[in-house]
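In: Sequence first, then the predicted structure:
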Amino acid sequence: MRMDQYLYPYYAADKASLGAEKVQELVDLLWIKMAGVNKVRDEGSTQAFGGYPMFQNIIVGGVDRHGEDATNELSLILMQATANTALYAPSLSVRIHEGTPTLFWKKAAEVARLGLGMPAWYNDRVVIPALLSRGLTLEDARDYGIIGCVEPQVGGKTEGWHDAAFFSMSKVLELALNNGYDPMGKVQLGPQTGSVEDFKTFEDVVAAYQKQMEYFVKLLCHSDNAVDLAHAKNVPLPFLSGMVEDCIGRGKSVQEGGAIYNFTGPQGVGVANVGDSLAAIKKFCFDEKVLSLPELKAAMDKDFEGTEELRQMLVNRAPKYGNDDDYADEVAVMATDIYCAEVQKYRNPRNGIFQPGLYPVSANVPLGCVVAATPDGRKCGQPLADGVSPQGGFDTSGPTATVCSVAKLDHTVASNGTLLNQKFSPDSLAGEDGLQKLIAVTDTFFKRGGFHVQYNVISREVLEDAQANPDNYKGLVVRVAGYSAFFTVLDKSIQNDIISRTEQVA
């Protein structure tokens with residue numbers, strides 16, 4: 001919600017009588033109130049959505065409905081409230097455009113440097129065209145806010161089922177390399193698309209991956225539509241519908257298609273794993289021919305037991321997404337485009353469209369539990385990479401190279417949202433020079449076509465100590481995925497995933 005826009009007239013009317021200090025106090029108290037409510041979740045949800053808040057997502061800055069800079073005094077006050085309260089909620093986001101004032105840039109960087117994982121940064125130059133491509137008017141697209149993690153929509157006009165599914169792209173590749181057979185579930189799960197012995201070219205591998213993707217995305221979309229129909233029939237939401245345009249005018253609930261805009265957004269998970277895996281296959285099995293595909297599959301079938309030297313070759317010698325290496329990046333783009341293209345083929349029963357997203361919440365951890373060893377050297381059951389981020393430890397060329405790689409993806413097509421997590425050493429962002437470095441890497445990412453980025457500014461040593469001594473770190477807030485949470489309440493598997501992320505030095 002664009003709180004700095006709809007509350008600004010009230011702020012302008014009251015600021016003289018209240019004074020700056022009282023205004024800031026009132027906003028700080030609102031932040032505390034919003035952080036005081038959360039849900040009790042079951043064990044599965046705790047793993048997939050660890051620390052997930054109620055999710056009031058406050059976004060400030062950007063352009064207004066006429067395309068002019070929308071930054072105002074309240075934008076800075078709202079950012080300061082996050083700094084003052086140092087809580088995990090509400091989520092704070094900022095919109096950046098070509099005319100964003102220097103003062104706004106600097107304030108956002110100062111808050112990010114505090115280590116709360118906020119604000120999340122969004123690029124008007126990409127988000128607005130992405131929404132236009134999905135049928136929004138220009139004025140509505142300019143007025144977007146963020147709901148949930150990273151999903152853009154225009155408030156009061158959209159019915160968006162944004163977390164419609166978390167879809168494992170890595171599992172699809174695993175099935176492509178096993179002729180549709182699931183080696184972990186020990187069942188024929190997908191169509192037979194050929195065995196590795198049949199693949200004579202890299203294009204044969206990609207073709208099998210695409211056929212498996214077609215099959216499973218179709219099942220995904222049909223399943224989502226079945227749930228949509230069941231919700232419309234059995235659990236209508238009349239109160240919500242009364243606040244969404246044009247449900248009353250159309251005489252339909254939001255589940256029946258009463259909203260102006262209707263979307264369903266499933267999320268692809270494991271971008272980096274699929275990209276790195278296919279890049280390793282391409283390089284070693286077909287370009288250099290130092291390893292046959294059946295030999296690689298045999299090693300993966302044993303979870304690399306007895307073939308650690310081969311696994312180290314996959315980890316250390318294969319090109320890796322996240323280093324501005326076109327060899328790896330182009331493969332990751334191709335694999336992701338296949339997923340996005342399939343999702344876009346489908347429509348929902350609300351007379352709307354499916355739009356792909358690329359973010360996991362924290363589902364990359366449990367999804368990894370059901371994916372066997374992969375050609376990137378990842379062992380069976382380990383977490384998948386989060387969002388569009390590189391696999392932790394594989395982005396070794398610095399933060400600028402990482403954002404240049406990620407910007408090569410088509411973020412406009414993934415209009416349900418993409419998520420890039422980055423982690424910085426606090427020392428590297430110290431002083432005025434540190435602020436300028438953070439601004440520069442964000443600006444580079446956005447000028448090259450990135451959609452969204454967020455930063456953890458914390459050392460590995462602090463995280464490991466907090467895991468070992470949680471009572472000493474009850475107030476430690478970290479960025480998990482599209483949200484922040486208290487580190488010590490997270491499932492240990494999610495804590496380990498955050499610890500494993502590459503600690504960049506600006």
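Out: Received, thanks.

In: use CA for all of it now, contacts and neighbours both
Out: Fine.

In: Let me know the distance separating the closest residue in space to Phe104 that isn't next to it in sequence from Leu7.
Out: Leaving aside its sequence neighbours, Phe104 sits nearest to Leu76 (Cα to Cα, 6 or more residues apart in numbering; 7.1 Å). Going from Leu76 to Leu7 by Cα to Cα, to the nearest Å gives 13 Å.

In: When these two are compared, which one has more neighbours?
Out: More neighbours surround Leu76 than the other of Leu76 and Leu7, with 17 against 11 (other Cα atoms under 10 Å).

In: In terms of helix, strand or coil, where does the residue lying closest to Thr412 once chain neighbours are set aside fall?
Out: What sits nearest to Thr412 in space, not counting adjacent residues and going by Cα to Cα, 6+ apart, is Ala130, at 4.5 Å. Recorded secondary structure, Ala130: helix (DSSP: H, G, I helix; E, B strand; the rest coil).

In: Where in the chain is the helix or strand with the lowest mean pLDDT?
Out: Every helix and strand of the chain was ranked by mean pLDDT, DSSP states H and E. The lowest is helix 43-48, at a mean of 66.

In: After it, which helix or strand is next?
Out: strand 57-61 (DSSP states H and E).

In: What is the biggest strand by length in the chain packed up against?
Out: Secondary structure of the chain per DSSP state E: the longest strand is strand 158-168. When contacts are defined as 3 or more Cα pairs under 8 Å, 6 or more residues apart in numbering; DSSP states H and E, strand 158-168 sits against helix 202-234, strand 261-269.

In: Strand partners (parallel or antiparallel) of that strand?
Out: Strand 158-168 pairs in its sheet with strand 261-269 (parallel), by DSSP bridges.

In: What average pLDDT does the partner strand get?
Out: For strand 261-269, mean pLDDT rounds to 96.

In: What of stretch 411-429?
Out: Rounded mean pLDDT across stretch 411-429 is 94.

In: Just the CA atoms of that stretch, as CSV, please.
Out: The C-alpha trace of stretch 411-429 is given here as CSV (Å, rounded to 0.1, in the frame of the first residue of the first chain):
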residue,chain,number,x,y,z
HIS,A,411,11.9,-9.6,-15.5
THR,A,412,9.1,-8.0,-17.5
VAL,A,413,7.7,-11.5,-18.4
ALA,A,414,7.9,-12.7,-14.8
SER,A,415,5.4,-10.0,-13.9
ASN,A,416,4.1,-11.7,-10.7
GLY,A,417,7.5,-10.7,-9.2
THR,A,418,11.1,-11.7,-9.0
LEU,A,419,13.3,-11.8,-5.9
LEU,A,420,17.0,-11.2,-5.6
ASN,A,421,18.6,-11.6,-2.2
GLN,A,422,22.0,-10.2,-1.5
LYS,A,423,24.1,-10.3,1.7
PHE,A,424,26.8,-7.7,2.5
SER,A,425,29.5,-7.5,5.1
PRO,A,426,28.6,-4.6,7.4
ASP,A,427,32.2,-3.3,7.2
SER,A,428,32.0,-3.0,3.5
LEU,A,429,29.0,-0.5,3.7
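
In: Report the buried residues of that stretch.
Out: For stretch 411-429, burial by neighbour count (16 or more other Cα atoms under 10 Å) applies to 411-426, 428-429.

In: so of those residues, which ones are in strands?
Out: 421-424.

In: just those residues now: which is nearest Ile147?
Out: Comparing these against Ile147 with Cα to Cα picks out Asn421 as the nearest, at 17.7 Å.

In: Just say helix, strand or coil for the closest residue to that closest one other than its chain neighbours.
Out: Spatial nearest neighbour of Asn421, excluding adjacent residues (Cα to Cα, 6+ apart): Gln454 at 5.3 Å. Under three-state DSSP, Gln454 falls in the strand class.

In: pretty sure Gln454 is in contact with Trp121, am I right?
Out: Yes - between Gln454 and Trp121 there is a contact under Cα atoms under 8 Å: 6.1 Å.

In: Tell me what angle the longest strand of the chain forms with helix 202-234.
Out: Here the directions of strand 158-168 and helix 202-234 differ by 140 degrees (axes from the mean of the first three to the mean of the last three Cα atoms, to 10 degrees).

In: Residues contacting strand 158-168, please?
Out: By Cα atoms under 8 Å, 6 or more residues apart in numbering, the residues outside strand 158-168 that reach it are 151, 153, 220, 224, 244-245, 254-255, 257, 259-270, 360, 363, 367, 416.

In: Show me what the mean pLDDT comes to for it.
Out: 89.

In: Now for Glu461, how many residues are close by?
Out: When neighbours are counted by other Cα under 10 Å, Glu461 registers 10.

In: what residues are up against the residue nearest to Phe199 when sequence neighbours are not counted?
Out: Leaving aside its sequence neighbours, Phe199 sits nearest to Val205 (Cα to Cα, 6+ apart; 6.2 Å). For Val205, the contact set (Cα under 8 Å, 6+ apart) comprises 176-177, 199.

In: one more time with 10 Å
Out: By Cα atoms under 10 Å, 6 or more residues apart in numbering, the residues touching Val205 are 173, 176-177, 193-196, 198-199, 278, 281-282, 293.

In: Quick one: which of these is the most crowded by neighbours?
Out: Neighbour counts for the contacts of Val205 peak at Ala176, which has 28 neighbours (criterion: other Cα under 10 Å).

In: quick one on the thing from earlier: from Phe216, how far out is the residue nearest to Phe199?
Out: For Val205, the distance to Phe216 - Cα to Cα - is 17 Å.

In: Ok, Gln382 next?
Out: Noted for Gln382: a distance of 22 Å to Phe216, by Cα to Cα.

In: what does Lys408 give?
Out: Applying Cα to Cα to Lys408 and Phe216 gives a distance of 25 Å.

In: cool, and Val371?
Out: Noted for Val371: a distance of 15 Å to Phe216, by Cα to Cα.

In: next one: Val244
Out: On the measure of Cα to Cα, Val244 and Phe216 end up 33 Å apart.

In: for Asp301, same thing?
Out: 23 Å.

In: Those two: which is more packed in?
Out: Neighbours around Asp301 and Phe216, counted as other Cα under 10 Å, are more numerous at Phe216. The numbers are 21 against 17.

In: That one contacts Ala176, doesn't it?
Out: No - applying Cα atoms under 10 Å, one finds Phe216 not in contact with Ala176, separated by 11.5 Å.

In: Mutual contacts of these two, please.
Out: 190-191, 210.

In: Let me have those residues in JSON lines, extended by distance to Asp433 and neighbour count.
Out: As requested, the shared contacts of Phe216 and Ala176 are exported to JSON lines (distance: Cα to Cα, whole Å; neighbours: other Cα atoms under 10 Å):
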{"residue": "Gly190", "distance to Asp433": "53", "neighbour count": "19"}
{"residue": "Pro191", "distance to Asp433": "55", "neighbour count": "16"}
{"residue": "Gln210", "distance to Asp433": "46", "neighbour count": "20"}
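
In: Sort out which one of these lies nearest Thr137 for me.
Out: Gln210 (33.3 Å).

In: Contacts only, for the closest one.
Out: By Cα under 10 Å, 6+ apart, Gln210 lies in contact with 172-173, 176, 193, 204, 216, 335, 338-339, 342.

In: could I get these as a markdown table with pLDDT?
Out: Listed next are those as a markdown table, based on pLDDT from 0 to 100:
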| residue | pLDDT |
| --- | --- |
| Val172 | 98 |
| Leu173 | 98 |
| Ala176 | 98 |
| Thr193 | 98 |
| Asp204 | 98 |
| Phe216 | 98 |
| Ala335 | 98 |
| Ile338 | 98 |
| Tyr339 | 98 |
| Glu342 | 98 |
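
In: From these, which land in helices?
Out: Counted as lying in helices by DSSP state H, out of these, are 172-173, 176, 204, 216, 335, 338-339, 342.

In: could I get those as a markdown table with distance to Met1?
Out: Shown next, in a markdown table, are those (distance: Cα to Cα, whole Å):
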| residue | distance to Met1 |
| --- | --- |
| Val172 | 36 |
| Leu173 | 38 |
| Ala176 | 42 |
| Asp204 | 46 |
| Phe216 | 34 |
| Ala335 | 33 |
| Ile338 | 32 |
| Tyr339 | 30 |
| Glu342 | 31 |
